[in-house]
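[1] only geometry, no sequence info:
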(Lines give C-alpha, C1' and ligand atoms only; values in the text may rest on other atoms or scores of the structure.)
Protein backbone atom coordinates (compact mmCIF):
# COMPACT_ATOMS: atom_id res chain seq x y z
CA UNK A 1 0.00 0.00 0.00
CA UNK A 2 1.31 3.44 -0.95
CA UNK A 3 0.91 6.29 1.49
CA UNK A 4 -1.17 9.19 0.16
CA UNK A 5 -0.86 12.84 1.11
CA UNK A 6 -3.48 14.03 3.59
CA UNK A 7 -4.30 17.59 4.60
CA UNK A 8 -5.37 17.64 8.23
CA UNK A 9 -7.16 20.70 9.59
CA UNK A 10 -6.47 20.74 13.32
CA UNK A 11 -8.83 23.06 15.18
CA UNK A 12 -6.59 23.99 18.08
CA UNK A 13 -7.63 26.55 20.65
CA UNK A 14 -5.20 29.37 21.31
CA UNK A 15 -5.20 31.68 24.32
CA UNK A 16 -4.93 35.40 23.61
CA UNK A 17 -4.41 37.69 26.62
CA UNK A 18 -5.82 41.18 25.96
CA UNK A 19 -5.37 44.21 28.26
CA UNK A 20 -8.54 46.33 28.52
CA UNK A 21 -9.94 48.93 30.89
CA UNK A 22 -13.54 48.13 31.86
CA UNK A 23 -16.08 48.66 34.63
CA UNK A 24 -16.75 44.92 35.11
CA UNK A 25 -15.99 41.47 33.71
CA UNK A 26 -18.75 41.55 31.05
CA UNK A 27 -17.54 44.90 29.73
CA UNK A 28 -13.98 43.57 29.74
CA UNK A 29 -14.95 40.56 27.59
CA UNK A 30 -16.91 42.74 25.14
CA UNK A 31 -13.93 45.12 24.85
CA UNK A 32 -11.54 42.22 24.25
CA UNK A 33 -13.85 40.83 21.56
CA UNK A 34 -13.89 44.20 19.78
CA UNK A 35 -10.10 44.39 19.84
CA UNK A 36 -9.70 40.83 18.56
CA UNK A 37 -12.45 40.57 15.96
CA UNK A 38 -13.65 43.96 14.66
CA UNK A 39 -10.94 44.37 12.01
CA UNK A 40 -10.19 40.72 11.36
CA UNK A 41 -8.38 38.54 13.86
CA UNK A 42 -5.82 40.69 15.70
CA UNK A 43 -3.24 37.90 16.07
CA UNK A 44 -1.04 36.60 13.29
CA UNK A 45 -0.50 32.82 13.16
CA UNK A 46 2.70 32.00 11.31
CA UNK A 47 3.42 28.41 10.24
CA UNK A 48 6.84 27.33 11.51
CA UNK A 49 7.21 23.70 10.40
CA UNK A 50 7.65 22.84 6.71
CA UNK A 51 4.61 20.54 6.74
CA UNK A 52 2.33 23.24 8.18
CA UNK A 53 0.87 24.85 5.07
CA UNK A 54 -1.51 27.35 6.60
CA UNK A 55 -2.71 28.66 9.96
CA UNK A 56 -5.71 30.87 10.59
CA UNK A 57 -8.23 31.61 13.29
CA UNK A 58 -11.04 29.03 13.36
CA UNK A 59 -13.74 31.65 14.19
CA UNK A 60 -14.71 30.02 17.45
CA UNK A 61 -14.39 31.22 21.02
CA UNK A 62 -14.61 28.39 23.54
CA UNK A 63 -14.55 30.49 26.72
CA UNK A 64 -13.01 33.31 28.71
CA UNK A 65 -10.98 33.74 31.86
CA UNK A 66 -11.08 37.27 33.27
CA UNK A 67 -8.28 38.33 35.64
CA UNK A 68 -8.31 41.68 37.39
CA UNK A 69 -5.16 43.78 37.70
CA UNK A 70 -3.64 44.03 41.20
CA UNK A 71 -5.10 40.65 42.19
CA UNK A 72 -1.88 38.59 42.47
CA UNK A 73 -3.66 35.66 44.12
CA UNK A 74 -6.39 35.62 41.41
CA UNK A 75 -9.16 35.86 44.01
CA UNK A 76 -11.42 37.80 41.61
CA UNK A 77 -10.59 35.69 38.55
CA UNK A 78 -13.68 34.15 36.94
CA UNK A 79 -14.38 31.74 34.06
CA UNK A 80 -17.06 32.50 31.46
CA UNK A 81 -18.59 30.51 28.61
CA UNK A 82 -18.51 31.65 24.94
CA UNK A 83 -21.64 33.77 25.53
CA UNK A 84 -20.03 35.74 28.40
CA UNK A 85 -22.07 33.82 30.98
CA UNK A 86 -20.35 32.68 34.21
CA UNK A 87 -19.37 29.03 34.10
CA UNK A 88 -21.01 27.01 36.82
CA UNK A 89 -18.76 25.84 39.60
CA UNK A 90 -18.95 22.24 40.81
CA UNK A 91 -20.95 21.78 44.00
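    Received, thanks. Here the structure is a predicted model, which is why all the values come from computation and not from measurement. Numbers count the residues shown, from 1 in each chain.

[2] Find the helix or strand that the closest residue to residue 56 other than its chain neighbours is a member of.
    What sits nearest to residue 56 in space, not counting adjacent residues and going by CB to CB, 6 or more residues apart in numbering, is residue 45, at 6.3 Å. Using the backbone N, CA and C atoms, a C-beta is placed for each residue, glycine as well. Assigned by DSSP states H and E, residue 45 belongs to no helix or strand.

[3] Surely residue 45 touches residue 58?
    No. If you go by CB atoms under 8 Å, residue 45 and residue 58 don't touch, sitting 10.1 Å apart.

[4] mind checking how far the residue nearest to residue 22 when sequence neighbours are not counted is from residue 88?
    Of all residues not flanking residue 22 in the chain, residue 28 sits nearest, at 3.8 Å (CB to CB, 6+ apart). Using CB to CB, to the nearest Å, residue 28 is found at 20 Å from residue 88.

[5] more neighbours, these two?
    residue 28 (21 against 8; other CB atoms under 10 Å).

[6] Just give the number of residues close to the residue nearest to residue 56.
    Number of residues near residue 45 (other CB under 10 Å) recorded here: 13.

[7] give me phi/psi at it?
    With angles defined as degrees, to the nearest 10, residue 45 sits at phi -100, psi 120.

[8] Next up, the contacts around it.
    For residue 45, the contact set (CB atoms under 8 Å, 6 or more residues apart in numbering) comprises 14, 55-57.
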